[in-house]
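Colleague: What follows is a predicted protein model with its sequence.
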Amino acid sequence: MLTASLAFTGCSALAPPAIRAENPTENPAENPVGGPLASAAASANQAAKPTTPAQAYAAKLTTALTALGKQVAAPSRDQLRSAFAGAGADANTVEVSIDKTPTGLAVDAVEGAAVVDRVCVIGQVRAGAVHVTTLPVLDSGRCFVGDQR
């Protein structure tokens, strides 16, 4: 709930990226004999694959936000909402934090959230850097405190 409260005010408590867009470099096919290398690579590849709908969406969102972060370091609410929709969320239900303070200044980061399979997938772009994580849905059925749609 703290993260949701901070997101409402334009602040963030997100840690470094929980989802990475990298793939393991080892390939089980490169070790035809099998053994530890093949087992370790197979385990690494299996761990990298999304296993839940929320994880699958988080991976797509990471890709969409990374592309957005390369275009603009500080996206607007509409740009962030479009990235969430482009990754597969319903744009009408995406929650997005404010992009201007009450005094008219730009915020440090804009965050968005979408509920996927009863899990909040939260994404942030800060100075072009992307962070995506998952958190439980609040009792209200939303991800952020307040109405940020």
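Modeller: Yep, that arrived. Numbers count the residues shown, from 1 in each chain.

Colleague: longest helix anywhere in the chain?
Modeller: In the chain, assigned by DSSP state H, the helix with the most residues is helix 53-71.

Colleague: in the next helix-or-strand element following that helix, what counts as buried?
Modeller: From helix 53-71 onward toward the C-terminus, using DSSP states H and E, the following helix or strand is helix 77-86. Buried residues in helix 77-86, defined by neighbour count with 16 or more other CB atoms under 10 Å: 77, 79-86. Every C-beta, even on glycine, is put in place using the N, C-alpha and C of the backbone.

Colleague: In terms of pLDDT, where does Val72 sit?
Modeller: pLDDT for Val72: 89.

Colleague: dump the residue contacts of it.
Modeller: 79, 128 (CB atoms under 8 Å, 6 or more residues apart in numbering).

Colleague: Mind doing that once more with 7 Å?
Modeller: Applying CB atoms under 7 Å, 6 or more residues apart in numbering to Val72 gives the contacts Gln79.

Colleague: Please apply the same query to the one 4 residues further on.
Modeller: For Ser76, the set of contacting residues under the criterion of CB under 7 Å, 6+ apart consists of Asp99.

Colleague: Mind listing what's buried along the longest helix of the chain?
Modeller: By 16+ other CB under 10 Å, the buried positions in helix 53-71 come out as 54-66, 68-69.

Colleague: and if you look at stretch 121-137?
Modeller: Buried residues in stretch 121-137, defined by neighbour count with 16+ other CB under 10 Å: 121-126, 130-134.

Colleague: May I ask which two of those residues are separated the most?
Modeller: Spatial extent of the buried residues of stretch 121-137 (CB to CB) is set by the pair Arg126 and Thr134 at 18.1 Å.

Colleague: that older thread, let me know the closest of the buried residues of helix 77-86 to Asp139.
Modeller: Nearest to Asp139 among the buried residues of helix 77-86: Phe84, at 22.4 Å, using CB to CB.

Colleague: List phi and psi for the nearest residue to that closest one once chain neighbours are set aside.
Modeller: Spatially, and ignoring its direct neighbours in sequence, Phe84 is nearest to Val94 (4.4 Å; CB to CB, 6 or more residues apart in numbering). Taking degrees, to the nearest 10, you get phi -70, psi 130 for the backbone angles of Val94.

Colleague: what's the answer for the one 5 residues further on, then?
Modeller: Comment: the main-chain dihedrals of Asp99 come out as phi -110, psi 0, following degrees, to the nearest 10.
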